[in-house]
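[1] got a predicted structure plus its sequence, pasted below:
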Amino acid sequence: MSDPASPADSPAQGDQAPPESEGLTVDAGLKPAGPTPSQSRFQVDLVTEAAGAAARDASENASGDKAAPVSEEAASGEEAKGRFRVVNFVDPSGAESPPDGAPEGYQNGDTVMSESSLHSSTGGQHQYHYDTHTNTYYLRTFGHNTIDAVPNIDFYRQTAAPLGDKLIRPTLSELHDELDKEPFEDGFANGEELTPAEEAAAKEAADSKGVTKFGWVKGVLVRCMLNIWGVMLFIRMTWIVGQAGIVYSCLIVAMATVVTTITGVSTSAIATNGFVRGGGAYYLISRSLGPEFGGSIGLIFAFANAVAVAMYVVGFAETFVELLGSADLVMIDPVNDVRIVGVITVILLLGISVAGMEWEAKAQIFLLIILITAIFNYFIGSFIPVEEKKQYGFFGYDTTILLENMGPDFRGETFFSVFSIFFPAATGILAGANISGDLADPQQAIPRGTLLAILITGIVYLGVAISTGGCISRDAPGPAMTLNATEGFGNCTDFSCLDFSYCKPGPGMDDKSICKFGLHNDFQVMSTVAGFSPLITAGIFSATLSSALASLVSAPKVFQALCKDNIYPGIGWFGKGFGKNNEPLRGYILTFFIALAFILIAELNAIAPIISNFFLASYALINFSVFHASLANSPGWRPSFKWYNMWVSLAGAGLCCVVMFVINWWAALLTNVIVMSLYIYVSYKKPDVNWGSSTQALTYHQALTNSLQLCGIADHVKTYRPQCLVMTGAPNARPALLNLVHAFTKNVGLMVCGHVRVTNRKPNFKEMNNDIVRYQRWLLNNNSKAFYTPVLAEDLRQGTQYLLQAVGLGRLKPNTLVVGFKNNWRDGDLREVETYVNLIHDAFDLQYGAVILRLSEGLDISHIQGQDDTSGMKDVVVSIDMSKDSDGDSSKLSSKATSVQNSPAVQKEDDDDGKAPTQPLLKKDKKSPTVPLNVADQKLLEASQQFQKKQGKGTVDVWWLFDDGGLTLLIPYLLTNKKKWKDCKIRVFIGGKINRIDHDRRAMATLLSKFRIDFSDITVLGDINTKPKSESVAAFTQLVEPYRLKEDDMEQEAAEKLKAEEPWRITDNELELYKAKSNRQIRLNELLKEHSSTANLIVMSMPLARKGAVSSGLYMAWLETLSKDLPPLLLVRGNHQSVLTFYS
């Protein structure tokens, strides 16, 4: 291999694995100071139970103030806790029940910021280690000496586990690696020093004792019932019965209940598929469908709850002002009175909320008691007919009234308009789920409380609809009533002898009745029926205030969860929690001001439909989440609530969408526009979170299904795609090769970056696994649509054979091998030349096409200090240090895992694609000075970036000398279709005879037009076989001279032995036999310089060397002679199967 000071451009030269001391280790600058363990952590001695217990006691006593003490009962109940290091120091003995609702100040443990955590045992910064130093070396499982652990729930907790201590099981390496191998070089091998994140989590966990948690009754059932009943029960339900009749009213209630029941079932399924944190609908949707849908719904759901506070408060204020008006008490005027009462009310509600969840819960219980009392008050009053109430339309239960009210009597309304007025009453089913972080057991509380609340409230609504329709007439004139047959009531004691037909609106009355009472005309008719009418007013107050209070609590809780996930910039300040309950006080203040702004409007008829649609959008996505998760068929979808069906959930999602448009079509459109806008924003922002959403699961499921389907489809020339195995080595080592191939495979075909790591020592699979994660993330962050696949092998050829045979999945398998030209082939070990040429032979043997890219400056930039930039990764980056490669192999990487802050990453300037480094000076971090480049390296760096830039007006010259199936023509066609190459025109050069130039040009033009490939010019070369210049021939003779066998100057036996030892040697017979072909390569180079010296890219048919007949030395001399002193040259040879067709 070449010296690292010069660009070595052989493809994917194998990486010599560094010695153990140079492997992937934790940066010394980041390690906590500590003793180096002198004993192997895998030492096993016979111990007694007493000794093990003593060791555990000593460990607990030695932990000092770093950890909360664990009670003796806990230690005896869970023996493993004495054997494993505790990551989150939650004291389970500090409260009567385990703190299963962690303070929301916790870092969300289910947010995986980088894949590096999957390989933490190999040196990632955020890793936890199984502790055998501080507790004991000598563990006993089933009475035997082993560090293997039995199943334990604490192994499965997340990083910030609110339900208990996070324990780390022994890693596979600790159980499987050799005993004499120390996994950790120095420092605290067991990671007993806490990271700042761990310290913060431990501190909040220690402060979490005494947190108020609610059961399913107080936390979910009460809240849902209060929100669902609301003001609709007392003020609008009677009017709905008057308009729609008993049958349609029951149908309306049933339809709304069906929607909410399906949504409740879906909510229950999601809530029981793992631990639920705070955030309600946002948490459920984001963890199911991902941050895109979750982030968009979370924002509008929190806003809808904030505005709902204003709606309920204004409803309360209007009723209160009406009472004041009935007593002739007016402060200013009705509108301003509503504002004044509303402001005072919301301030009082804010005070209750800020006082703490316990006070808020007590207030809800008090309001529920009043509400239930009011409901019973109505039903009791309906059985007590009072003579004076008949003039208001209440006659007691009467068959005539029941039959009269059975059918509809729409006055200015329709069935769907009445339904749209009622449905907002059903939008309170998530009131309990919204405070999921404050529930003792959300998995049990949410399903039980939500579904029971839907059942109870649905029954009550149906009961009220039937009851009011059976005892109250649609119209009644009130005290000034006129009877049809008698004066006063006379002998008329029931509804059958009365005629209220004159109350019905006539022509020109705009559907307004002249009567002021009855179901149609009096919203307060339930007060008339009730046994004690002030209780109904108290019930209205209770319903409005409880709903406002629930919304005032829900909005900040949802918003707090959204802030913590950092989906939107600039809102994190509102997510800070205060006190033992982690109350979002800043969120409360924000909700207060939003509610205050809408209260001051005092007219919410325009905004109310939007709020209902916001709630319905949330319900639709919750239902869709269940369908989506079931469709993805992920093994992680295992809800303990089994009474759901994916198709019912899908129907529920569809129903919610239909109801949105039924309620208000323009509000539904506006809601969809807002949701999609936020979805697009979050998708563009791409928050670095990994929640294991069903979107990920379905993506895998679809990819697997489609891959299997592809296997059953035979290849066809019309569907051919260049699928390239590109021997880049490390993907950032040869950017020109990567970028050029990416240009014609992006969104067209498969691209795999092959990397052969050459090692003769014990293979380091851990380091290779880290490289897979590291470089795949680098490719993604650089918008390179490619896969990275490394292999460990004894030499480059063996590794390439592995890749050629094994890379791919079904039809998604490479069909073209792409390598860089070995510029330094004359300088290094010629065995490498033999290996290089054999790569091409192997590709052809396996029916691959072959492509070689040559830049005169070279391709490999890995030796240039700073060109190891993998800073696109958030957690772990690579530091490629060539100074330790004493054998001069420029592709042997010595890697260290470093933090982002200490990364020697290059600061890059972006081009139009946002990823191209354009600065000749490489800016290092603070620990490394800016390094100027020498002239050769600067030219190399500039050349490596030329395919990242937009190509100006120029040409792509295609020298299609031999028909290889069309790959030589297809690649430039695909290139010039890309944005960066669209200004380049294709010029085609073909061989021909001098006396048939026009004929050959017309024939090629006809063929290209049939292929539908645009070209700017066709040149027929009639002088290819002309004898090259003598100086060119002399240069070729001088080039091959060092590689000649010269068998005529030695004994035959000695010549054969030398040829066997050095197969790249060129025999005199071979040189003479292929003299004409050698002259053709010399002549073609002269023609290339004459016709294509200014081309942006040359694509040329690659000369073939017959295996076993042409030595590698002669073949490399052909390639060198053909491609020297030219613009970027792509030598292409397909596998001689057609890749172009002119048939439809």
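    Received, thanks.
[2] ok, and the closest non-adjacent residue to residue 276?
    Counting by CB to CB, 6 or more residues apart in numbering, residue 442 is the residue found nearest to residue 276 once chain neighbours are left out, at 4.0 Å. Just so you know, the C-beta spots here come from the backbone N, C-alpha and C atoms, and that holds for glycine as well.
[3] can you count the residues close to the one you found?
    30 (other CB atoms under 10 Å).
[4] need the pLDDT of it.
    pLDDT, residue 442: 81.
[5] quick one: contacts for it?
    Neighbouring residues of residue 442 by CB atoms under 8 Å, 6 or more residues apart in numbering: 101, 271, 275, 276, 433, 436.
[6] if you look at those, which of them are in strands?
    Per DSSP state E, strands hold no members of these.
[7] pick the one among the residues you listed closest to residue 1062.
    For the contacts of residue 442, the minimum distance to residue 1062 (CB to CB) is 67.3 Å, reached by residue 275.
[8] can you list the domains in this structure?
    Domain segmentation of the chain under the TED database yields 257-489+504-685, 717-862, 954-1133.
[9] between the ones you listed, which gets nearest to residue 945?
    domain 717-862 (6.7 Å).
[10] can you measure across that closest one, start residue to end residue?
    38 Å (CA to CA, to the nearest Å).
[11] all strands for the stretch 251-400 of the chain, in order.
    In the stretch 251-400 of the chain, no strands are defined using DSSP state E, counting those that start in this stretch.
[12] just the chain next, same as before
    Counting by DSSP E, the strands of the chain are 140-141, 144-145, 724-726, 751-758, 787-793, 816-820, 849-854, 877-878, 897-898, 954-959, 984-991, 1017-1021, 1097-1101, 1129-1133.
[13] residue 529 is in contact with residue 384, isn't it?
    No - using CB atoms under 8 Å, residue 529 is not in contact with residue 384; the gap is 9.0 Å.
[14] the two: which has the busier surroundings?
    Remark: of residue 529 and residue 384, residue 529 carries more neighbours, 28 against 12, as counted by other CB under 10 Å.
[15] before we move on, the earlier item: so which of the contacts of residue 442 sit within helices?
    residue 271 (DSSP state H).
[16] export the contacts of residue 442 as TSV, with columns for pLDDT, neighbour count and distance to residue 1036.
    What follows is these, written out as TSV (pLDDT from 0 to 100; neighbours: other CB atoms under 10 Å; distance: CB to CB, whole Å):
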residue	pLDDT	neighbour count	distance to residue 1036
101	38	28	80
271	83	28	77
275	74	19	73
276	73	24	75
433	79	32	80
436	75	28	78
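[17] what's the closest of the contacts of residue 442 to residue 787?
    When the contacts of residue 442 are compared against residue 787 (criterion: CB to CB), the nearest one is residue 275, at 34.2 Å.
[18] any idea how far that closest one is from residue 849?
    52 Å (CB to CB, to the nearest Å).
[19] one step back: closest one to residue 417 among the strands of the chain?
    For the strands of the chain, the distance to residue 417 is smallest for strand 787-793, at 56.3 Å, taking CB to CB.
[20] let me see the residues that make contact with that closest one.
    With CB under 8 Å, 6+ apart, strand 787-793 has contacts from 14, 17, 731, 750-759, 763-765, 768, 771-772, 775-776, 779, 799, 802-803, 807.
[21] what's the PyMOL line that selects buried ones from these?
    Command for PyMOL that selects the buried part of those, burial taken from 16 or more other CB atoms under 10 Å:
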select buried, resi 14+17+731+750+751+752+753+754+755+756+757+758+759+764+768+771+772+775+776+779+799+802+803+807
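[22] just for this structure, where's the confidence low?
    Across the chain, the ranges flagged by pLDDT under 70 are 1-146, 156-166, 178-212, 231, 356-357, 480-514, 581, 602-610, 865-931.
[23] sorry, back to before: could the contacts of residue 442 go into JSON lines alongside distance to residue 688?
    Below are the contacts of residue 442 laid out as JSON lines (distance: CB to CB, whole Å):
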{"residue": "101", "distance to residue 688": "26"}
{"residue": "271", "distance to residue 688": "26"}
{"residue": "275", "distance to residue 688": "22"}
{"residue": "276", "distance to residue 688": "23"}
{"residue": "433", "distance to residue 688": "27"}
{"residue": "436", "distance to residue 688": "24"}
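[24] and which of the contacts of residue 442 is nearest residue 332?
    residue 433 (40.7 Å).
[25] was I right about residue 803 contacting residue 728?
    No - assessed by CB under 8 Å, residue 803 is found out of contact with residue 728, at 11.6 Å.
[26] what sits in contact with each of these two?
    residue 754.
[27] who's in contact with residue 1017?
    Contacts of residue 1017 by CB under 8 Å, 6+ apart are 985, 987, 988.
[28] from residue 1103, how far off is it?
    From residue 1017 to residue 1103 the distance is 24 Å (CB to CB).
[29] out of the strands of the chain, which gets nearest to residue 257?
    For residue 257, the closest of these is strand 787-793, at 50.6 Å, according to CB to CB.
[30] starting at the chain centroid, how far to the closest one?
    26 Å (CA atoms, centre = their mean, to the nearest Å).
[31] same question for stretch 717-735.
    Relative to the chain's own centre, stretch 717-735 is displaced by 26 Å; criterion: CA atoms, centre = their mean.
[32] please renumber the chain so that the first residue is 49 from this point on.
    Sure, I'll start numbering at 49, so the last one becomes stretch 765-783.
[33] buried sites along it?
    Neighbour count says stretch 765-783 has 768-783 buried, by 16+ other CB under 10 Å.
[34] could you do stretch 1117-1130 as well?
    1118, 1119, 1122, 1126, 1127, 1128, 1129, 1130.
[35] mind putting those in JSON lines, distance to residue 589 included?
    As requested, these are arranged in JSON lines below (distance: CB to CB, whole Å):
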{"residue": "1118", "distance to residue 589": "104"}
{"residue": "1119", "distance to residue 589": "106"}
{"residue": "1122", "distance to residue 589": "102"}
{"residue": "1126", "distance to residue 589": "102"}
{"residue": "1127", "distance to residue 589": "104"}
{"residue": "1128", "distance to residue 589": "99"}
{"residue": "1129", "distance to residue 589": "97"}
{"residue": "1130", "distance to residue 589": "100"}
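[36] isn't residue 1037 up against residue 1003?
    No - contact status for residue 1037 versus residue 1003: not in contact, 10.8 Å apart, counting by CB under 8 Å.
[37] overlap of the contact sets of those two?
    With CB under 8 Å, 6+ apart, residue 1037 and residue 1003 have common neighbours residue 1140.
[38] between the domains of the chain, which gets nearest to residue 196?
    Short answer: domain 765-910, nearest of the domains of the chain by CB to CB, at 20.0 Å.
[39] nearest to residue 646 among the contacts of residue 490?
    residue 481 (24.0 Å).
[40] wait, doesn't that closest one sit right on residue 315?
    Yes - in this structure, residue 481 is within contact of residue 315 by CB under 8 Å, at 5.9 Å.
[41] need the residues touching each of the two.
    With CB under 8 Å, 6+ apart as the test, residue 481 and residue 315 both reach 332, 494, 498.
[42] now, which of the residues you listed sits nearest residue 910?
    residue 332 (47.2 Å).
[43] quick one: residue 348 and residue 727 touch, right?
    No - here residue 348 does not reach residue 727: they are 11.1 Å apart, not a contact under CB under 8 Å.
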